[in-house]
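In: just a sequence and a predicted model for now, questions to come.
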Amino acid sequence: MPLAADVHANLLRSLKIVQSLGEAVPHGGVLKAVAGIGITILEIAEAQARLKAAGLGPALAAHGLRISEPEPKPSNQAGSGPAQAQAAAFK
């Protein structure tokens with residue numbers, strides 16, 4: 001589930017604070033490491049979301065073009081309607 005921009009920024013800022021505390025506190029290597037891993041995960045998720053959004057643009061544009069194209073009109077030939085198709089299916 002994607003995070004809102006402000007939630008992402010708050011998490012990143014909080015993890016950087018925890019990483020700084022890990023540097024300041026004696027034996028805070030675990031805090032520093034966990035915060036660093038969290039920062040890395042958030043940055044990777046953000047990059048993946050950007051790539052996915054960039055990839056969706058052309059697909060959405062192509063889909064929009066297909067929607068705007070008129071559909072071909074069915075022919076009005078006798079014996080080619082839905083009733084005839086159902087009858088042919090039961091033969």
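Out: That came through, no problem.
In: look up phi and psi at Glu27.
Out: Wrong residue type there; residue 27 is His, not Glu. phi 60, psi 40 (degrees, to the nearest 10).
In: please report how far it lies from Leu21.
Out: Computed as Cβ to Cβ, to the nearest Å, the His27 to Leu21 distance reads 12 Å. Just so you know, the C-beta spots here come from the backbone N, C-alpha and C atoms, and that holds for glycine as well.
In: buried set for the longest helix seen in the chain?
Out: In the chain, assigned by DSSP state H, the helix with the most residues is helix 29-68. Using 16 or more other Cβ atoms under 10 Å as the test for burial, helix 29-68 gives Leu31, Lys32, Ala35, Gly38, Ile39, Leu42.
In: of His27 and Leu21, who's got more company?
Out: The neighbour count for His27 versus Leu21, taken as other Cβ atoms under 10 Å, is higher for Leu21 (13 against 7).
In: could you say which helix or strand holds that one?
Out: Using DSSP states H and E, Leu21 sits in helix 5-24.
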